[in-house]
Every structure is written in C-alpha cells, then in structure tokens.
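*Asks:* Fold the stuff below for me.
(one chain, ligands or ions: 1)
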Amino acid sequence: MSTQPAARPAPEKPSAVYRSPTTGAAWVAVIGLECHVQLATRTKLFCGCEYRFGAPANSITCPVCTAQPGVLPVLNREALALAVRVALAIGATVPERSKFDRKHYFYCDLPKGYQISQYDQPFCHGGGLTLASGQRIRLARIHLEEDAGKAIHDRGDMTLVDLNRAGVPLVEAVSEADIETAAEAVEYLGALKEILQYTGASDCDMEKGELRCDVNISVRQPAEPWRTKVEVKNLNSFRHVAAAIEHELARQVEVYETGGSIRQETRLFDPERGVTRAMRSKESAHDYRYFAEPDLPAFRVDAAFRERARGAIPELPASRRARYAAEYGLSDKDCAALTAERVVADFFEAAARLSERPRECANWIQNELFRMVGEAESGYAHFGEIPLKPHDLAEVVRLVGAGTIQNAAGRTLLGAMARTGRSARILVQELGLEQVSDASQIEAWCRAVLAEKPQIVADVRAGKPNALNALLGPVMKASGGKANAALVRATLERLVRETA
Ligand SMILES: [Zn+2]
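*Replies:* Next up, the predicted model:
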C-alpha cells in the first residue's frame, strides 16, 4: 500500500537540488521507499508449510495457502516476534492491539482473491533510520502481510503459476518521502538491511527476492509542496534503485519542462536500458476494498511478548562501529567493513577477545578471510560458510605476533586450516611453517641471491640503499616464506657492506 508523501518537517538541511541539464532550473526530488522483506521463519504466515527458495513449483503448498474451501488461517507467532523485534530496533511503537485486513485484488498468483495484510491497525507505528549525515528518514508504516505466489510469463503464450511463495510472511516497511537523492535512498536501504539482518528477522538475500523495493518518486520546484508521483516497482538491487531514481528524476523534469504532465502510474525498470516504462495506472486504497479479516481475531502484543522481542535484539551496527573506533582505534573504513554483516562482526569480536590483538584481527579478516569469499577455488559464497572459528584466527594472529611464523606462513596456515579443519599447532609442524632464525641458514640463502643479482649490489654500493628491498623477496622465496624477515634484512646489509 502506498501513502501520499507526508508534509516534511521543518528541513534541518537545505534540499538537494537537481539542475535541469537543458534550462538550468532547480528541481528537488521527493522520494519514498517501500520495501517488502521476507521474514526468516521456518513456516509460512498462516499455515505449516516450510518454504524453501528454488523448490519444485507447487511442492510447498497446503489447503490453507492455496485457499481451499473451509480452511482457516492461524497466525505464526515467530513471524510476529521477528516483526516486533524489527519495529523496536528502529524505534517504532508497538501497540497492544492490532489486526489483519483483507486487501482485495484479482491476479492469478493470489489464490484467495485477496491478500491478508494490515490496514488501519498495523502492529507498529513510527520509527525511523538515521543516515550518516544525521538526517532522519521516518517510517510512515510497517505492517505484516502474506506474500503472493509467482506468475511466470516467459513461456510463450502461457502463464504458469507457482504457489510455493503464497503465504510466506513479509513485513512491508514504507518510508516517509524524506529522501531526496539516489545516494540517500541507497544509504537508507543499507541501514534497513543491516537492522533486518542483525535482528535475525531476514537474510535479505536480494537474489532470492527476500528484500524487494518499490520507489515512489516525484519532482517539485524548491518553493512547491509536491507534484504527482509515480511508483517504480520490483527493484531487486540497490544499484537498480539508484539507476531508476536517476532516470525518473531526469525524465520527470524533462516532461514538465517541455509542457507535459506526469500521470500517477506504476512503472517498471528495465535494467538493460536503464530506463523505466509505464505498466499500469496506480490503484488507490479504496480500489482494494479493505475490510477486517473475519477469520483471524484481532491480536494482542502484551508487555511480556514485547520485552522478549526487545531482549532478542543484539547490539546494532551503528553502536558497534562507534565502540570499535573508541575501544580498538579502528578507522571508519575498518569499522564499516567489519560491521556490514553481523556474522563478520561477531567473528571479529570473538577473535579480538581471544587473541587480545584486535587490530591484527581486523586486518586478517579484511585481507585474508574476505578474499576467500567468492574465490573460485575455495567456493565460499558467504563469510559464514568459511569453516574457521574465531579461535582459529586468534591462533594464527598470536603465532604471527609472537614471531613463531611469518606473515606469509600465516596465510598458508589459515588456508590449510580452512581446508582440513586441523589445528594450527599440528599444521605448523606438518607443513614446516615455523620461522627460520638460524643465522647460518639465512646467510646461505642471502649469499645465493646476492650472487645472482650483482647489479643490485652495485646499486646499493653506489648510494641507493633502497635497492636492497628488491633482494628481500627472492630471499624470502628461497626460504619458502619461512625466513625471519628482520634477520634477512640485517644479513643482506652486512653482506653488502662486507663485500664492498
Ligand atoms: Zn500452506
């Protein structure tokens, strides 16, 4: 359900101005986002079907979610608990009493002919998200509803219907039209996604359709309140949201400046061409004939239920970022990278605690573990799939810190631990990774490399001491990455001096 843009509060910042490329006139975009988020429950919202993405079509259905005569829906308490968790995490108020309504429309993927949703008494109201600039994006509403099935139109002149998704629990989060640029929209979405993931409410996997966005956008001249808006539906990546906003902004300004008018309509974004096109004229609320769902009693969220939900909210990313900067002295960039996903943040905190070397842990996670994700040979699609425990990383960081192994050996070790699941101590032995500090052995490696690189030796003697750096790599390579690097440098310096 879409809402009209709300009257903006007294603006605390000047509006972001868009300059028309043809007339140079100032325009301001008025943007609101509607997000449909699939809740990470085991079963659907009103029946016991266990939804799995990618299951064979129509294999996860029952009489309730296919709307057979005589069936009755029963509310999934877990879905309500997750929804309440999200509401509390964004500062919304959860009233004691709430109810479901029927939203009527006809489409082949909607077996009942109506969707069970919430209209005038949603489970929460208020709340909002704060951007890095300090700007607050208010939420107009969040409500619970069931998803529809899927109509598949790309089979020649047939349309196929898959009802697996019918009845899957969603929260729909509708922002006020407090957003003015594509960058603000993307930042808002990122902040919302973080909270949904941290609270465990949703995995937000956009490729599986677990987070879907519609954009409401209009343009106005700076002194005006607002003009007619259009809705761009079903955007399934942040990049598409940004591109659709940029395109609509330019399109609407051009229409107005050439004397045209904008119709209230629903448009679709074509990612290949980067443009939107009209789909249908937009329904308004009365077209849906909302009325209270007679098969479900109004429900109560009592204080005990609400407090249990509050107790399940972990420390949220904004708070963690501030704490990492204060406690560990990490940069803004490091803090952002480590908190973008809860699984990473939890891993980092545990490894930092165990190793007592938080900065090294931050570096190893960003340099080594992030690299493993998406690497073809390892095949880990997500950070959570890497078969390493915080304890494993802490071990490696400690061994490197204590000088038992070199950095390069640490990388080898970490990869071997992930592949074999064996402990650091055993692998250091088996793979012979222990650092070599034996002076005569190091001198032998250094002499061999010096003999091969007379030009570099000559450069160093000619007063270019930095030329020595080019010798470090070959010596380390000769040692299989195990030579004590500080000792190698000192030995090279001594040998060059001695042979002068
Ligand atoms: Zn079912």
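*Asks:* Run through the residues of the protein sitting next to the ion.
*Replies:* By CB under 5 Å from the ion, the part of the chain that sits against the ion consists of 47, 49, 62, 64, 65. In short, each C-beta sits where N, CA and C put it, glycine included.
*Asks:* among these, who's most crowded?
*Replies:* Neighbour counts for those (other CB atoms under 10 Å) peak at residue 65, which has 28 neighbours.
*Asks:* Now do the same contact list for residue 436.
*Replies:* By CB atoms under 8 Å, 6 or more residues apart in numbering, the contact list for residue 436 reads 442, 479, 482, 483, 484.
*Asks:* Bridge partners for it, pull those for me.
*Replies:* The partner list for residue 436 in beta bridges (DSSP bridges) reads residue 483.
*Asks:* Counting neighbours, which bits of the helix or strand hosting residue 359 end up buried?
*Replies:* Per DSSP states H and E, residue 359 falls inside helix 358-364. Buried residues in helix 358-364, counting neighbours by 16 or more other CB atoms under 10 Å, are found at 358, 360, 361, 362, 364.
*Asks:* pretty sure the first one is touching residue 352, no?
*Replies:* So that's residue 358. Yes - using CB atoms under 8 Å, residue 358 is in contact with residue 352, at 3.7 Å.
*Asks:* Overlap of the contact sets of these two?
*Replies:* Shared contacts of residue 358 and residue 352, defined by CB under 8 Å, 6+ apart, are found at residue 328.
*Asks:* Mark out where each domain of this structure begins and ends.
*Replies:* Under the assignment automatic domain parsing, the domains of the chain span 17-306, 315-430, 439-498.
*Asks:* Straight-line length of the longest one, end to end?
*Replies:* With CA to CA, to the nearest Å as the measure, domain 17-306 spans 42 Å from end to end.
*Asks:* from the contacts of residue 436, which two are the most distant?
*Replies:* Distance extremes for those: the farthest pair is 442 and 482 at 10.1 Å, using CB to CB.
*Asks:* Mind telling me which residue of the stretch 101-250 of the chain is nearest the ion?
*Replies:* The stretch 101-250 of the chain approaches the ion most closely through residue 167 (5.5 Å), counting by CB to the ion.
*Asks:* so that residue sits in a helix?
*Replies:* No - secondary structure of residue 167 (DSSP: H, G, I helix; E, B strand; the rest coil): coil, not part of a helix.
*Asks:* which residues sit in contact with it?
*Replies:* 44, 45, 46, 47, 49, 64, 65, 146, 147 are the contacts of residue 167 under CB under 8 Å, 6+ apart.
*Asks:* Also residue 43?
*Replies:* So residue 43 contacts 49, 50, 51, 76, 78 (CB under 8 Å, 6+ apart).
*Asks:* From these, which land in helices?
*Replies:* residue 78 (DSSP state H).
*Asks:* Buried only: go through the contacts of residue 43 for me.
*Replies:* Neighbour-count burial (16+ other CB under 10 Å) is assigned, among these, to 49, 51, 76.
*Asks:* got JSON lines for these, with distance to residue 427 and pLDDT too?
*Replies:* Putting those into JSON lines (distance: CB to CB, whole Å; pLDDT from 0 to 100) gives the following:
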{"residue": "49", "distance to residue 427": "45", "pLDDT": "98"}
{"residue": "51", "distance to residue 427": "41", "pLDDT": "96"}
{"residue": "76", "distance to residue 427": "46", "pLDDT": "97"}
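*Asks:* Show me what stretch 289-302 is in contact with.
*Replies:* With CB under 8 Å, 6+ apart as the test, stretch 289-302 has contacts from 46, 72-73, 75, 80, 84, 94-104, 116, 119-121, 123.
*Asks:* for it, the distance to its chain's centre please.
*Replies:* Relative to the centre of its chain, stretch 289-302 is centred 33 Å away, using CA atoms, centre = their mean, to the nearest Å.
*Asks:* Pull out the buried positions in it.
*Replies:* Buried residues in stretch 289-302, counted by 16+ other CB under 10 Å: 290, 293, 296, 299, 301.
*Asks:* Residues in contact with the helix or strand hosting residue 412: which ones?
*Replies:* If you go by DSSP H and E, residue 412 is part of helix 407-420. Here helix 407-420 makes contact (CB under 8 Å, 6+ apart) with 364, 368-369, 372, 378, 386-388, 392-393, 396-397, 399-400, 405, 422-424, 427-428, 431, 433-435, 476, 481-482.
*Asks:* Quick check: closest non-adjacent residue to the residue nearest the centre of the chain.
*Replies:* Nearest to the mean C-alpha position of the chain, counting by CA atoms, centre = their mean, stands residue 193 at 5.5 Å. Distance criterion CB to CB, 6 or more residues apart in numbering; nearest residue to residue 193, sequence neighbours excluded, is residue 204 at 4.8 Å.
*Asks:* residues touching that neighbour, list them.
*Replies:* 37, 193, 196, 197, 210, 211.
*Asks:* ok, now residue 374?
*Replies:* Shown in contact with residue 374 (CB under 8 Å, 6+ apart): 380, 381.
*Asks:* again, only using 6 Å
*Replies:* Contacts for residue 374 (CB atoms under 6 Å, 6 or more residues apart in numbering) come out as none.
*Asks:* Kindly report the same for residue 248.
*Replies:* So residue 248 contacts 217, 276 (CB under 6 Å, 6+ apart).
*Asks:* and it, helix, strand or coil?
*Replies:* Per three-state DSSP, the local secondary structure of residue 248 is helix.
*Asks:* Just the pLDDT for it.
*Replies:* Residue 248 carries a pLDDT value of 96.
*Asks:* What residues of stretch 423-439 count as buried?
*Replies:* For stretch 423-439, a neighbour-count test (16+ other CB under 10 Å) marks 424, 427, 428, 433, 435, 436 as buried.
*Asks:* If we ignore the residues flanking it in sequence, what's nearest the fourth one?
*Replies:* Take residue 433 and drop its neighbours on the chain: the residue closest to it by CB to CB, 6+ apart is residue 409, 4.1 Å away.
*Asks:* Also the second one?
*Replies:* The shortest distance from residue 427 to any non-neighbouring residue, by CB to CB, 6+ apart, is to residue 416 (5.1 Å).
*Asks:* Please report how far the one you found lies from residue 436.
*Replies:* 19 Å (CB to CB, to the nearest Å).
*Asks:* now do residue 98
*Replies:* On the measure of CB to CB, residue 98 and residue 436 end up 68 Å apart.
*Asks:* Same check on residue 389?
*Replies:* The gap separating residue 389 from residue 436 is 29 Å, by CB to CB.
*Asks:* just residue 304 next, same as before
*Replies:* Counting by CB to CB - residue 304 and residue 436 are separated by 63 Å.
*Asks:* and what of residue 117?
*Replies:* 68 Å.
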